[in-house]
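Visitor: Sequence plus predicted model, see below.
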Amino acid sequence: MLQRNLEEVQEKIQEACKRAGRDPKEVTLIAVSKTKPVEMLQTVYDCGTRDFGENKVQEMCGKMENLPKDINWHMIGHLQTNKVKYIIGKTKLIHSVDSVHLAKEISKQAVKHNVSADILIEVNIAQEETKFGINVDETLKMVKEIAVMPNIKIKGLMTIAPYVTNPEDNRQYFRGIKQLAVDINNQNIDNVSMDTLSMGMTGDYEVAVEEGATLVRVGTGIFGERNYKK
Ligand SMILES: *Cc1c(COP(=O)(O)O)cnc(C)c1O
């Protein structure tokens with residue numbers, strides 16, 4: 001089942017790339033494995049996946065210990081400042097930076113461990129009250145503040161679009177993120193690139209790819225529904 005799901009998602013990404021005239025190599029599928037057991041991750045790994053996304057520090061660290069070392073781990077969940085020390089140097093990318101305060105701690109820990117930390121700024125593009133992330137009009141200011149911190153590199157933007165039944169409803173938001181990235185890039189800020197756009201989940205990743213996503217975060221579409229009651 002996992003292999004079939006994975007192939008289906010990969011095919012849909014390829015088709016979306018074709019429709020948009022994009023090279024499929026520009027898009028990386030992140031298998032969002034939160035709440036799922038190590039055995040399932042191993043199966044997806046054996047099918048060739050090397051990028052996994054988790055939203056809890058403890059769960060991610062536990063899985064790291066029990067899976068191959070060449071996995072790229074993506075922290076996609078809200079990150080508390082006091083937990084940064086547990087993941088620094090271990091993640092490929094932290095997607096969920098939504099405050100200067102958090103960035104400062106990431107920078108501090110990265111200096112301490114003598115590593116460079118790649119991050120994305122999480123933007124709450126639809127301004128939903130229930131979501132983390134900063135507003136569009138605060139983004140440039142925050143990027144400038146973080147850009148001068150040592151051992152931290154801004155690679156782009158991340159967003160969690162609203163939950164919708166028609167993915168077309170989110171196209172405007174993905175387009176908005178892309179435009180914001182272009183606008184920030186045009187400022188030529190030292191130490192900042194806007195090449196990475198993490199957007200699109202099971203319900204809307206094809207539209208996100210059409211609008212320029214370079215990372216899509218798919219959980220349910222690969223692993224099936226999550227069961228939080230256990
Ligand atoms: C859980 C999660 C996903 C995956 O959601 P699905 O709808 O299961 O694909 C993607 N991004 C973030 C930040 C998540 O927390």
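Guide: Okay, I see it. These numbers were taken from a predicted model, which means no experiment stands behind them.
Visitor: these two touch, right, M40 and S33?
Guide: Yes: in this structure, M40 is within contact of S33 by C-beta atoms under 8 Å, at 7.1 Å. C-betas here are computed from N, CA, C, even on glycine.
Visitor: Pick out whichever of the two has more residues nearby.
Guide: S33 (26 against 16; other C-beta atoms under 10 Å).
Visitor: Quick one: mean pLDDT for stretch 159-168?
Guide: Mean pLDDT, computed over stretch 159-168, is 96.
Visitor: other SSEs contacting the biggest helix by length in the chain?
Guide: Across the chain, the longest stretch assigned as helix under DSSP state H is helix 2-20. If you count contacts as 3 or more C-beta pairs under 8 Å, 6 or more residues apart in numbering; DSSP states H and E, helix 2-20 packs onto strand 28-32, helix 38-46, helix 205-210, helix 220-223.
Visitor: list residues touching both of M40 and S33?
Guide: Taking C-beta atoms under 8 Å, 6 or more residues apart in numbering as the contact rule, the neighbours common to M40 and S33 are F223.
Visitor: Return the residues of the chain in contact with the ligand.
Guide: 32, 34, 55, 76-77, 160, 201-203, 217-221 (C-beta under 6 Å from any ligand atom).
Visitor: Which of those residues has the largest number of neighbours?
Guide: Tallying neighbours with other C-beta under 10 Å puts I76 at the head of these, with 28 neighbours.
Visitor: Confirm for me that that one is in contact with K56.
Guide: No: the pair I76 and K56 does not pass the contact test of C-beta under 8 Å, sitting 10.0 Å apart.
Visitor: quick one: low-confidence ranges for the chain?
Guide: Low-confidence segments of the chain (pLDDT under 70): 229-230.
Visitor: the strands in it, which residues?
Guide: Using DSSP state E, the strands of the chain run over 28-32, 51-54, 72-75, 93-97, 117-122, 152-158, 192-198, 215-218.
Visitor: tally of neighbours for the nearest residue to A20 once chain neighbours are set aside?
Guide: Distance criterion C-beta to C-beta, 6 or more residues apart in numbering; nearest residue to A20, sequence neighbours excluded, is E210 at 4.5 Å. Here the count is done by other C-beta under 10 Å, and E210 has 21 residues near it.
Visitor: The one 4 residues further on now?
Guide: A count of neighbours around T214, defined by other C-beta under 10 Å, yields 18.
Visitor: Look up how far Q3 lies from it.
Guide: Distance of T214 to Q3, given as C-beta to C-beta, to the nearest Å: 24 Å.
Visitor: residues touching the closest residue to G133 other than its chain neighbours, list them.
Guide: Among residues not flanking G133 along the chain, N124 sits closest, at 3.4 Å (C-beta to C-beta, 6+ apart). N124 is in contact with 131-135, 159-160, counting by C-beta under 8 Å, 6+ apart.
Visitor: just curious, which of the residues you listed is nearest to the ligand?
Guide: I160 (5.2 Å; C-beta to the nearest ligand atom).
Visitor: picking that back up, could you dump the helices and strands packed on helix 2-20 to a markdown table with distance to N185?
Guide: What follows is the helices and strands packed on helix 2-20, written out as a markdown table (distance: least, C-beta to C-beta, whole Å):
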| stretch | distance to N185 |
| --- | --- |
| strand 28-32 | 20 |
| helix 38-46 | 33 |
| helix 205-210 | 19 |
| helix 220-223 | 30 |
